[in-house]
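Colleague: whatever this is, show me its structure:
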Amino acid sequence: MRDRIVLKLVRIALLFALLTPQILPAATTAFAQDSNSAKARALVDAAIKMTDSNAAVKLLWQATEIDPDYDASYVYLGLYYNSRSDFENVIKVYQKLVKHDPKQVSAYLNIGEAYMSFTPPKTQDALVYYRKAYEIDSGNSFAALRIGQLLAEKGSRDEAMKYLKIALADTKNPAASSEAEKVLRQMGAL
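Modeller: Alright, predicted model coming up:
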């Protein structure tokens, strides 16, 4: 009886030894990711509560380094720089986000909007990012609207109308639809 118990323990130990190299790294990686995510969240929470803007911005940038996938860090940085009309840094923030999450439509839209906020607007640069947002999400009426508006300004009437009509048809986004209708009327297309 004792020999059977020892044999079972040896088998369990061997099985554990065989599985541990595969399980342990995955568990360690998952723990590290959870730990980094928790640290990034704590930094963002601390930054939000701070009255010293410069220190808060440093914490938010640290959070993007610790957990590059935690979107809130980028959102708060973007809001901070946008509120100060620092559009170069708004662009840097969201370019860093798309580096880590290339399917993040809102980041491309925010970059496009930042380029449009320059005086004069950097429309060619903005158009690239609006097109990328639309490429990822062809149902995004805001991206379609902006593409249509910029193409209309460039004199690309047919292509502009295509995008503006897409934005016009989106009943879920009445603001984009209304703006698209306004531009189409100005073009004499409605």
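
Colleague: span of stretch 75-93 from start to end?
Modeller: Length of stretch 75-93, first residue to last, Cα to Cα, to the nearest Å: 9 Å.

Colleague: name the residues that touch that stretch?
Modeller: Contacts to stretch 75-93, defined as Cβ atoms under 8 Å, 6 or more residues apart in numbering, come from residues 44, 47-48, 53, 56-57, 60-61, 64, 74, 94, 110-111, 114-115, 117-118. Placement of C-beta: from N, CA and C, glycine included.

Colleague: ok, now with 10 Å
Modeller: 44, 47-48, 53, 56-57, 59-61, 63-64, 73-74, 94, 96-97, 106-107, 110-119, 122, 125, 129 (Cβ atoms under 10 Å, 6 or more residues apart in numbering).

Colleague: apart from its chain neighbours, what residue comes closest to residue 168?
Modeller: The spatial neighbour of residue 168 that comes closest, neighbours along the chain excluded (Cβ to Cβ, 6 or more residues apart in numbering), is residue 180 at 4.2 Å.

Colleague: okay, and which of the contacts of stretch 75-93 map to helices?
Modeller: 44, 47-48, 53, 56-57, 59-61, 63-64, 73-74, 94, 96-97, 106-107, 110-117, 125, 129 (DSSP state H).

Colleague: what about the strands in this structure?
Modeller: Remark: no strands are assigned in the chain by DSSP state E.

Colleague: picking that back up, now, of the ones in helices among the contacts of stretch 75-93, which are buried?
Modeller: With burial judged by 16 or more other Cβ atoms under 10 Å, the buried subset of the ones in helices among the contacts of stretch 75-93 is 44, 47, 56-57, 59-61, 63-64, 73-74, 94, 96-97, 106-107, 110-116, 125, 129.

Colleague: so which residues of the protein form helices?
Modeller: 2-49, 53-66, 71-83, 87-100, 105-117, 123-136, 141-154, 157-168, 174-187.

Colleague: now do the buried residues in the fourth one.
Modeller: Neighbour-count burial for helix 87-100 flags 87, 89-94, 96-98 (criterion: 16+ other Cβ under 10 Å).

Colleague: again, but for the last one
Modeller: Using 16+ other Cβ under 10 Å as the burial criterion, the residues of helix 174-187 that qualify are 176-177, 179-181, 183-184.
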